[in-house]
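J.: A predicted structure for the sequence below; I have some questions about it.
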Amino acid sequence: MTNRPSLFSLVMSLPLLIWQLAFFLVPLVFLTAMSFWTVRNFQMQPDFDFGNWQRILTRGVFWDAYLQTLFLATSSAIVTSVIAFPASYAISFKLSETAKRWMVFVLIIPFFTSYLVRVYSLQVFLSDAGIVNAALSHIGLGPYPMLNNSFGTLVGMVTLCLPLVVLLQTFSLNFVNRDLVEAAHNLRCGRLRTVFAVIAPSAKVGLVIAALFAFILSFGDFVSPLYLGGGNPPTLSIMITDITKSGQQWPRAAVVAIMMIVTLLSVAFAAISYAYKERGK
């Protein structure tokens, strides 16, 4: 006998369904339709023309920006996850419950300030005469160019994602069965091997979801590529802005936006499928 959803559960799910229809599906349909419109005399006109898709997808500058954005987002997800894991591990396994609550509060504090303000403060650290290069100069190194390049963009993306990734990883590690860890130690499994053989596989879902959030936030980031990367090389978010400024070409910008959405959905489905693969078995 199959379990059918009750009327109450269906009614309670209606707000979420309405929310998704109103703020995701309907705008996505409109964005897709707008990608086929044409612009004449700086005004959009409803049409069904594939010219926008052909013009965008056949330009090398688009694919350069696409690969650059994909590379930065992937690098940000990897770097952020690697940096965050030791902190998440220490919070989850080494601190008391009171200390854990305080650390969670500390991790939430960065969200109290504007991301743009944090990016501007990073310019003070990363400029040629900034704090980092000044410190390196005392040991005979530098100055190193850290702004207006991919390195500056990556630093900004990691700064954006790191608190959230630490929180997600910490919540995931809190649910790891401590009996499995004790069993591994009783079998003379070293600490490092226990982390990779027991803890990481047990928290795989949370770790993958945290990296996925880092990828999504970085892939659509506009502030860091512009103010720390100098728009060089350009990313897809910057490309959308440039396209809309050149003759109000919103339909062509819609093509770029749809390509970004398709990429994010593909990566999200692939990551979630991988995260829950073992559970499905």
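T.: Great, that's in hand. These figures come from a predicted structure and were not determined experimentally.

J.: Please name the residues that touch residue 275.
T.: 204, 205, 208, 209 (C-beta atoms under 8 Å, 6 or more residues apart in numbering). All C-beta spots, glycine's among them, are computed from the backbone N, C-alpha and C.

J.: Need the nearest residue in space to the second one, chain neighbours excluded.
T.: Just to be clear, that refers to residue 205. Leaving aside its sequence neighbours, residue 205 sits nearest to residue 275 (C-beta to C-beta, 6 or more residues apart in numbering; 4.6 Å).

J.: same deal with the first one?
T.: Of all residues beyond its chain neighbours, the one nearest residue 204 is residue 275 (6.1 Å), with distances taken as C-beta to C-beta, 6+ apart.

J.: Can you give me the distance of that neighbour to residue 96?
T.: For residue 275, the distance to residue 96 equals 30 Å [C-beta to C-beta, to the nearest Å].

J.: From the contacts of residue 275, pick the one nearest residue 141.
T.: Using C-beta to C-beta, residue 208 comes nearest to residue 141 of these, at 36.9 Å.

J.: Which residues are in contact with that closest one?
T.: Residues in contact with residue 208 (C-beta under 8 Å, 6+ apart) are 271, 272, 274, 275.

J.: what's the answer for residue 58, then?
T.: Contacts for residue 58 (C-beta under 8 Å, 6+ apart) come out as none.

J.: Number the residues from 48 up from this point.
T.: With 48 as the first residue, the last one maps to residue 105.

J.: ok, so what distance separates it from residue 189?
T.: From residue 105 across to residue 189, the span is 42 Å (C-beta to C-beta).

J.: low-scoring pLDDT stretches of the stretch 48-197 of the chain, where are they?
T.: The model of the stretch 48-197 of the chain has pLDDT under 70 over residues 48-52.

J.: Name only those of the contacts of residue 255 that count as buried.
T.: 318, 322 (16 or more other C-beta atoms under 10 Å).

J.: Give me the subset of the contacts of residue 255 lying in helices.
T.: Members of the contacts of residue 255 lying in helices (criterion: DSSP state H): 318, 319, 321, 322.

J.: so which helix or strand takes in the residue lying closest to the first one once chain neighbours are set aside?
T.: With C-beta to C-beta, 6+ apart as the measure, residue 259 is the residue that lies nearest to residue 318, at 4.5 Å, once sequence neighbours are left out. Take DSSP states H and E as the rule and residue 259 turns out to sit in helix 251-266.

J.: Mind giving me the packing neighbours of the following helix or strand past that helix?
T.: Following helix 251-266 in sequence order, the next helix or strand is helix 270-274 (DSSP H and E). Secondary-structure packing of helix 270-274 (3 or more C-beta pairs under 8 Å, 6 or more residues apart in numbering; DSSP states H and E): helix 162-173, helix 197-221, helix 283-292.

J.: nearest to residue 91, of those helices?
T.: helix 283-292 (11.2 Å).

J.: tell me how far the closest one is from the chain's mean position?
T.: 19 Å (C-alpha atoms, centre = their mean, to the nearest Å).

J.: same question, stretch 310-326
T.: On the basis of C-alpha atoms, centre = their mean, stretch 310-326 sits 14 Å off its chain's mean C-alpha point.

J.: Tell me the buried residues in that stretch?
T.: By neighbour count with 16+ other C-beta under 10 Å, stretch 310-326 contains the buried residues 310, 311, 314, 318, 322.

J.: Likewise for stretch 209-225?
T.: The neighbour-count check on stretch 209-225 (16+ other C-beta under 10 Å) flags 209-220, 223 as buried.

J.: want to throw the residues you listed into TSV with distance to residue 171 and pLDDT?
T.: As requested, those are arranged in TSV below (distance: C-beta to C-beta, whole Å; pLDDT from 0 to 100):
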residue	distance to residue 171	pLDDT
209	19	96
210	20	95
211	23	95
212	24	97
213	24	96
214	26	95
215	29	96
216	29	96
217	29	96
218	33	94
219	34	95
220	34	95
223	39	93
